[in-house]
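Enquirer: got a predicted model here, sequence first, then my questions.
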Amino acid sequence: MHTGDWPTTVEEALAVQERLRGRVDLTDDLPELPPAVTGLDVAYDDAGGIAAAVVTLETAGLTVVEQRTHRAQAVFPYEPGLFAFRELPPLLAALEQLDHEPGVLVCDGHGLAHPRRFGLACHLGVLTGLPAFGVGKTRFVGSHAAPASARGSSEPLVDAGDEVGAVLRTQDGVKPVYVSAGHRIGLAHACRLTLALTPRYRLPETTRQADRLSRAALR
DNA sequence: GCGACAG
DNA sequence: ATCTTGTCGC
């Protein structure tokens, strides 16, 4: 649970991002293939109710090791660039319930591929101190060339001259995903992990599991 | 001034 | 995010 104060206005949220962005650590000390990976997602209903879910999978067989959920009421409106302030509270509450500390967090959204280089994956990584990266379904910032159609192909995502992420094809001929580092992990490593998590579908198995669980927890 | 805008 | 049927392709 959160006892401290949480930003209520856009101004306060921007100030928090400005204050925490310097704490992002791009050093990568992760083993090439961490034993377990944890996916997170949030589902919404039409009454301000939200449900967060976290699912830890064994990297080798992609089997569920542990999973938790947390229901709450949205405390911050959706605002492009600030949506972490909406999803972070329930996500942190769900993470705190885990018995085993996650090796790396796979977020449903962006990390550095953000206007101020501090998307959900960075914010979550900084607050938990855990390695984290983002896998977004759509572009938020930056421009890029179309990656080749073969799974594994990628193109850099560039915004204002900065390489903020990669557009990665996880399945042959299927719309690519947007991968970006969040905290304590490099982009190349994040892409390799993403491919390890997408043997069959476009989105990481972690995200798929968390999505399924969050929706179920909403009822 | 006119779009674009993670989930 | 979420609302939703049929339809194209392997």
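Expert: Received it, and whenever you're ready, just let me know what you need.
Enquirer: and whatever residue of chain A ends up closest to DNA strand C, helix, strand or coil?
Expert: In chain A, the residue that lies nearest DNA strand C is A:Ala43 (3.6 Å; Cβ to the nearest atom of the strand). In short, each C-beta sits where N, CA and C put it, glycine included. Following DSSP: H, G, I helix; E, B strand; the rest coil, A:Ala43 is assigned to strand.
Enquirer: which strands and helices sit next to the helix or strand harbouring A:Leu157?
Expert: Element membership of A:Leu157 [criterion: DSSP states H and E] is strand A:154-159. If you count contacts as 3 or more Cβ pairs under 8 Å, 6 or more residues apart in numbering; DSSP states H and E, strand A:154-159 packs onto strand A:162-168, strand A:177-183.
Enquirer: return the most buried member of the ones you listed.
Expert: Stretch with highest mean neighbour count among those: strand A:177-183 (a mean of 28; mean count of other Cβ atoms under 10 Å).
Enquirer: which residues in chain A form helices?
Expert: Remark: helices assigned in chain A by DSSP state H are A:10-20, A:84-95, A:120-128, A:187-196, A:205-217.
Enquirer: check contacts around the nearest residue to A:Lys137 once chain neighbours are set aside.
Expert: Excluding its sequence neighbours, the residue lying closest to A:Lys137 (Cβ to Cβ, 6 or more residues apart in numbering) is A:Val177, at 6.4 Å. For A:Val177, the contact set (Cβ atoms under 8 Å, 6 or more residues apart in numbering) comprises A:Val135, A:Gly136, A:Lys137, A:Val167, A:Leu168, A:Thr170, A:Thr194, A:Arg202, A:Leu203.
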